[in-house]
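# After the sequence you'll find the predicted model.
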Amino acid sequence: MAKAVHMMVRVLDEARSVDFYRRAFGLEIADRVDFDSFTLIYLRNAENDFEVELTVNKGRTEAYNLGDGYGHVAFVVDDLGTEHARLVAAGFAPGDLKQMMHDGAPFGRFFFIADPDGYKIEVLQRGGRFR
């Protein structure tokens with residue numbers, strides 16, 4: 001049986017990205033591994049073992065082209081409204097709260113936010129299939 005362990009994004013500025021994921025989602029550095037041409041920073045919180053891997057390619061000065069293939073990573077929270085307000089107060093720019101319906105019934109409440117490199121992150125209200 002396979003187990004998901006991390007998702008990776010390439011970032012331009014390590015400090016800026018670590019600060020965003022810490023302040024937005026409570027992720028802390030679990031490990032930092034430095035190689036000749038790149039550095040890997042693994043972030044996680046006490047909620048589970050799944051990690052966000054930040055890859056910093058040394059010498060890179062231009063922002064990455066995200067293309068049209070990347071979708072998003074998602075986090076669940078206990079109180080969506082409170083988290084949205086907290087992120088606004090922290091100076092981030094989360095999108096509007098939305099509700100998705102399926103077959104006439106609520107499927108999920110969510111909003112999107114982008115990290116400093118433009119990667120989309122979905123924040124969902126915990127419940128139903130989003131545990």
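The structure has been received and is ready for your questions. Residues are numbered from 1 along each chain as shown.

# could you pull out the helices for the protein?
With DSSP state H as the criterion, the chain has helices at 14-25, 80-89.

# Contacts only, for the nearest residue to Y119 once chain neighbours are set aside.
Excluding the flanking residues, the one nearest Y119 by C-beta to C-beta, 6 or more residues apart in numbering is V9, at 5.1 Å. Just so you know, the C-beta spots here come from the backbone N, C-alpha and C atoms, and that holds for glycine as well. Contact analysis of V9 by C-beta atoms under 8 Å, 6 or more residues apart in numbering lists 52-55, 115, 117, 119.

# From those residues, which land in strands?
Within those, residues falling in strands by DSSP state E are 52-55.

# who wins for most neighbours among those residues?
L54 (25 neighbours; other C-beta atoms under 10 Å).

# That residue and V33 touch, don't they?
No. Using C-beta atoms under 8 Å, L54 makes no contact with V33, being 11.1 Å away.

# Could you name every residue contacting both of the two?
What both L54 and V33 touch, as defined by C-beta under 8 Å, 6+ apart, is the set 40, 42.

# G91: neighbour count?
7.

# Count residues in the vicinity of the closest residue to P94 other than its chain neighbours, would you?
Sequence neighbours aside, I113 is the residue nearest to P94 in space, at 4.2 Å (criterion: C-beta to C-beta, 6+ apart). Taking other C-beta under 10 Å as the criterion, the count of residues near I113 is 22.

# go on, F20?
With other C-beta under 10 Å as criterion, F20 counts 23.

# Now do the same contact list for it.
92, 115-116.

# same question, F50
Counted by C-beta under 8 Å, 6+ apart, F50 has contacts 4-7, 44.

# Show me the residue at the heart of this protein, geometrically.
Nearest to the geometric centre of the chain sits I121, at 4.8 Å (C-alpha atoms, centre = their mean).

# Need the pLDDT of the nearest residue to that one once chain neighbours are set aside.
Spatial nearest neighbour of I121, excluding adjacent residues (C-beta to C-beta, 6+ apart): I113 at 5.2 Å. pLDDT, I113: 97.
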